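Chemist: missing the sequence, but the structure's below:
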């Protein structure tokens, strides 16, 4: 004997249609709000003076900005030669991809360093930078550097890491060459004595 489904309640169907209509209206309002959020944000920030970039763009003619697209923070009147050095305090290979680079103060530059674990075991290591002359230290700003972190490398694993830097235009004018040197040592192991150190 088959059971017949109970007849649908007309009142319940009406309530369901009303609920569906309300949900559709809410979805449409949410979509419209999300679509209008960016112009509203820009208008509020401009009115309150919060978004400095927007205010600067308004003060600058679009034609002038396109004609002069260079970074005005770069000091084109002089160049600095940056020499790269790498010291491996252990049995691994570590070197810069290039020996030197010539940059203008204020110009963003990138150099790659290459590392290879030639041991038959996994190792964790980290690099420590140093600068010459010492007065360049405060003016050498690294935006990205492998020296910020420790790294674990498997046996025979090779890595290439970038150093992204900018030299502060306030660097004294008599400094024309900076040497960036890294010493790469194993973390958690005894660091070997520096070459030439007395026993």
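Modeler: All right, it came through fine. Since the model is a prediction, treat every value here as computed from it, not as a measurement.
Chemist: Please report how far the closest residue in space to residue 188 that isn't next to it in sequence lies from residue 137.
Modeler: The spatially closest residue to residue 188, leaving aside those adjacent along the chain, is residue 124, at 6.2 Å (Cβ to Cβ, 6 or more residues apart in numbering). Placement of C-beta: from N, CA and C, glycine included. For residue 124, the distance to residue 137 (Cβ to Cβ, to the nearest Å) stands at 27 Å.
Chemist: can you check residue 105 too?
Modeler: 15 Å.
Chemist: now do residue 187
Modeler: As it turns out, when the distance is counted by Cβ to Cβ, residue 187 lies 23 Å from residue 137.
Chemist: With residue 113 instead?
Modeler: Taking Cβ to Cβ as the measure, residue 113 and residue 137 are separated by 19 Å.
Chemist: State whether residue 17 is indeed within a helix.
Modeler: Yes - secondary structure assignment places residue 17 in a helix (DSSP: H, G, I helix; E, B strand; the rest coil).
Chemist: where does it land on pLDDT?
Modeler: With respect to pLDDT, residue 17 has a value of 87.
Chemist: who are the neighbours in contact with it?
Modeler: Contacts for residue 17 were tallied using Cβ atoms under 8 Å, 6 or more residues apart in numbering; there are none.
Chemist: who touches whatever helix or strand residue 110 lives in?
Modeler: Taking DSSP states H and E as the criterion, residue 110 maps to strand 108-116. Residues outside strand 108-116 that contact it (Cβ under 8 Å, 6+ apart) are 82, 84, 86, 92-98, 101, 103, 125, 127, 143, 146, 151, 153, 156-166, 182, 184.
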